[in-house]
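> Just the structure for this:
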Amino acid sequence: MIKAQAQAQGQEGFRRVERSFGRADGLIMGRRSLSGPVDPETRALEEKEQKLDEDVQKTADQYKSATDKEERAKLKKQLEELAGQQFDIRQQFRGLEVKHLENELARIRDSIQKRTENREQIIKRRVAQLVHEEEDLEF
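Prediction:
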C-alpha cells in the first residue's frame, strides 16, 4: 500500500519511500538504537549518506535524460565517484557497528563476571523469592 501511494506521487515519492525504508533498515542493521540516542559519529555518517544518496539520484536522473555522449560519460564518471563514496560510508557504518558490538560484548562479559562473583548471594535471593521468605521491609 505504501509503495502504491509513493508510485502515485511519482518517481520522487517512490524514492522518498525507498529512502525511508533504507533508514528503517539502518535501525535493523544496528545503525540506530531504539533504547537511546544515536551517537554523534553515527548521526554524522547518516547525514552524509542521505546527502550522498540525493546526489546519486540526481546524477542518475541527469544521466538517464542526457543525450550527448560526452555528457553521459562525464555523468557516469561522477556516478562512479559517488558510488565509491557511498561504499566508503557504508564501510564506516560497519566499523561503527563492530565497535558498538564490542562494547556490548564487554558489558555482557563484565556482567557475567560480577554475577559469578556474587553467585551465592544471587542463589539465596532466588530461593527466598521461591519460598516466599522475602524481607518484611519490602514496600
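
> CA only for contacts and neighbour counts going forward, please
OK.

> Would you map the helices across this structure?
Taking DSSP state H to define them, one finds helices in the chain at 2-8, 11-28, 40-65, 69-117, 119-130.

> export the ones you listed to a markdown table and tack on mean pLDDT?
Output for those, formatted as a markdown table (pLDDT from 0 to 100):
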| stretch | mean pLDDT |
| --- | --- |
| helix 2-8 | 51 |
| helix 11-28 | 51 |
| helix 40-65 | 95 |
| helix 69-117 | 96 |
| helix 119-130 | 94 |
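
> With mean neighbour count as added columns, please give those helices in CSV.
CSV is the format used below for the helices of the chain (neighbours: other C-alpha atoms under 10 Å):
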stretch, mean neighbour count
helix 2-8, 13
helix 11-28, 14
helix 40-65, 15
helix 69-117, 14
helix 119-130, 12
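
> Please name the nearest non-neighbouring residue to Leu45.
Sequence neighbours aside, Ile89 is the residue nearest to Leu45 in space, at 6.7 Å (criterion: C-alpha to C-alpha, 6 or more residues apart in numbering).

> if I look at the one you found, how far off is Glu47?
For Ile89, the distance to Glu47 equals 10 Å [C-alpha to C-alpha, to the nearest Å].

> wait, isn't the residue nearest to Leu45 in contact with Glu49?
Yes. The criterion here is C-alpha atoms under 8 Å, and Ile89 meets it with Glu49 at 6.7 Å.

> which neighbours do the two share?
With contacts defined as C-alpha atoms under 8 Å, 6 or more residues apart in numbering, no residue is shared by Ile89 and Glu49.

> Now stretch 51-58 - C-alpha only, PDB.
What follows is stretch 51-58 as a C-alpha-only set of coordinates in PDB (Å, rounded to 0.1, in the frame of the first residue of the first chain):
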ATOM      1  CA  LYS A  51      23.100  13.800   1.100                       C
ATOM      2  CA  LEU A  52      25.100  11.400  -1.000                       C
ATOM      3  CA  ASP A  53      22.000   9.400  -1.800                       C
ATOM      4  CA  GLU A  54      20.300  12.500  -3.000                       C
ATOM      5  CA  ASP A  55      23.300  13.400  -5.200                       C
ATOM      6  CA  VAL A  56      23.400   9.900  -6.600                       C
ATOM      7  CA  GLN A  57      19.700  10.000  -7.500                       C
ATOM      8  CA  LYS A  58      20.100  13.500  -9.100                       C
END
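
> Lovely, talk soon.
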